[in-house]
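Engineer: just the structure for this:
(one chain, ligands or ions: 1)
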Amino acid sequence: MAVDRPSDGFETRALHAGQDPERVTGAVIPPIFQTSTFAQPAVGEHLGYEYARTGNPTRTALETCLAALEGADHGIAFASGMAACDTLLRRLRPGDHIGLGDDAYGGTYRLISAIFSVHDVGHSAVDLTDAKALDTNWNPATQIVWLETPTNPLLTIVDIAAVAEVVHKHGAKLVVDNTFASPYLQQPLALGADAVVHSTTKYIGGHSDVVGGFVATNDAEWAADLRYLQNAIGAVPGPQDCFLTLRGVKTLGVRMDRHCSNARAVVDMLVDHPAVSKVLYPGLPNHPGHDIAASQMADFGGMVSFRVKGGVGVAMKIAAECRLFTLAESLGGVESLIEHPGVMTHASAAGSALEVPDDLIRVSVGIETAADLVDDLRQALDRLG
Ligand code: P1T
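Structural biologist: Now for the predicted structure:
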């Protein structure tokens, strides 16, 4: 039988947690249980599974594995990152309030500002880099503080433990969206978060071939609620999606090491390029969150953002003129992507406190040969910057 003790190393858990050989055939890889329902031996009895919205063994394998990677007792998988965010926020009631970090994925902002507001759940954008100010200006209606670190797309670093202390002092819950770091680089539950959310579409899946979401928590009551909602709402991932995500996560550790070292090579070129006005990367010693990132992350990640001289027109041209960096939304896959957040991923934040600068370019540095990536970006900057 495979071993999945909590004391096992990260890569061991990625390969084995929840992934014992299948009991009937001995299949080493958890099969795709492509079935919508399960035969029951008698009315009111079942063998662990009844109906595939409620549960599916391929999904269980994924949930067990990802929970083990976040050091969580409970893991619940969803059809997308947004479905996971939506289900987490359903604990809120009319009159409640969300403190949302003032840089976050545009879709999260849209969900909170356009969907939850209809149900009289308020929100405000908060600078979470200042835990003291969060404490001083605490809104008594706040039930959830929603934090990304590194943030999307400005790569701001937030001190998870410091924010957790303030949030708990006021009896609220802290959710950390760990999508940009991945559990390989950062485990927020150990730093005091009440729940961790992922778009598994990104680093966890890792191959840009599947959309998914995930929540990890050690809060048994919240987990039971989420499990109930997962079934009641039904935003569940199919077994093929679970299989692909589980296949992807096996190599998360080795991929992240390469994402990080390739990102460093790209950053080294960008900081010296005359067309670039600012590089946003927590690995840079002059990044305001560098020391916190160094203490709460194992490395600085594969996401790099930068601002260009010449404004929005130049930024949009550069984003469209690379050979290896594909112009596309999303991130965290093995191949490099480039995008213009203002027009693409963060268009829904335009005019809000979360609006991003229009001369900003975001790259998801893939695992291609580092020198090729550096050359590709440099030629676009040389030509158009
Ligand atoms: O796309 P989906 O799997 O539903 O995940 C939403 C989501 C949640 N949280 C963060 C931090 C994210 O970055 C995302 C999705 N982001 C992109 C598609 C993007 O290009 O930024």
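Engineer: quick one: name the residues of the stretch 101-250 of the chain near the ligand.
Structural biologist: Tyr105, Gly107, Thr108, Glu148, Asn152, Asp177, Thr179, Ser199, Thr201, Val211, Gly213 (CB under 6 Å from any ligand atom). For the C-beta atoms, the positions are set from N, CA and C on the backbone; glycine is no exception.
Engineer: ok, the residue nearest to the last one when sequence neighbours are not counted - contacts?
Structural biologist: Counting by CB to CB, 6 or more residues apart in numbering, Gly213 lies nearest to Ala84, which is 3.1 Å off, once chain neighbours are set aside. With contacts defined as CB atoms under 8 Å, 6 or more residues apart in numbering, Ala84 is in contact with Ile76, Phe78, Val197, His198, Ser199, Gly213, Phe214, Val215.
Engineer: the helices in this structure, which residues?
Structural biologist: For the chain, the helices defined by DSSP state H occupy 10-16, 57-69, 81-89, 106-110, 131-136, 160-169, 182-185, 220-233, 239-249, 252-272, 290-296, 311-320, 370-384.
Engineer: what angle separates the third one from helix 220-233?
Structural biologist: Spelled out, it's helix 81-89. 120 degrees (axes from the mean of the first three to the mean of the last three CA atoms, to 10 degrees).
Engineer: can I get the helices of the chain in a markdown table including mean pLDDT?
Structural biologist: Output for the helices of the chain, formatted as a markdown table (pLDDT from 0 to 100):
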| stretch | mean pLDDT |
| --- | --- |
| helix 10-16 | 97 |
| helix 57-69 | 98 |
| helix 81-89 | 98 |
| helix 106-110 | 97 |
| helix 131-136 | 98 |
| helix 160-169 | 98 |
| helix 182-185 | 98 |
| helix 220-233 | 98 |
| helix 239-249 | 98 |
| helix 252-272 | 98 |
| helix 290-296 | 98 |
| helix 311-320 | 94 |
| helix 370-384 | 97 |
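Engineer: highest mean neighbour count out of those?
Structural biologist: The highest average neighbour count among the helices of the chain, using mean count of other CB atoms under 10 Å, belongs to helix 182-185 at a mean of 26.
Engineer: which residues touch stretch 64-75?
Structural biologist: So stretch 64-75 is in contact with 4, 6, 10, 13-14, 17-19, 63, 77, 178, 183-184, 187-190, 196, 198, 200, 204, 214-220, 223, 226-227, 246, 249, 252, going by CB under 8 Å, 6+ apart.
Engineer: may I have the distance across it, first residue to last?
Structural biologist: Terminal residues of stretch 64-75 lie 6 Å apart, using CA to CA, to the nearest Å.
Engineer: can you tell me how far the spatially closest residue to Asp8 that is not a sequence neighbour is from the ligand?
Structural biologist: Nearest residue to Asp8 in three dimensions, chain neighbours excluded: His16, at 7.3 Å (CB to CB, 6+ apart). His16 is 26 Å from the ligand, where distance means CB to the nearest ligand atom, to the nearest Å.
Engineer: how about the strands of the stretch 1-150 of the chain, start to end?
Structural biologist: 74-78, 97-101, 122-126, 142-148 (DSSP state E, counting those that start in this stretch).
Engineer: which stretch among those comes nearest Gly385?
Structural biologist: Within the strands of the stretch 1-150 of the chain, the stretch nearest Gly385 is strand 142-148; the backing value is 28.7 Å (CB to CB).
Engineer: list the strands paired with that closest one, with their directions.
Structural biologist: If you go by DSSP bridges, strand 142-148 pairs up with strand 97-101 (parallel), strand 173-177 (parallel).
Engineer: which residues does that strand contact?
Structural biologist: 88-89, 91-92, 96-101, 103-105, 108, 112, 126, 128, 134, 158, 160, 163, 167, 170, 172-177, 179-180, 193.
Engineer: cheers, nothing more for now.
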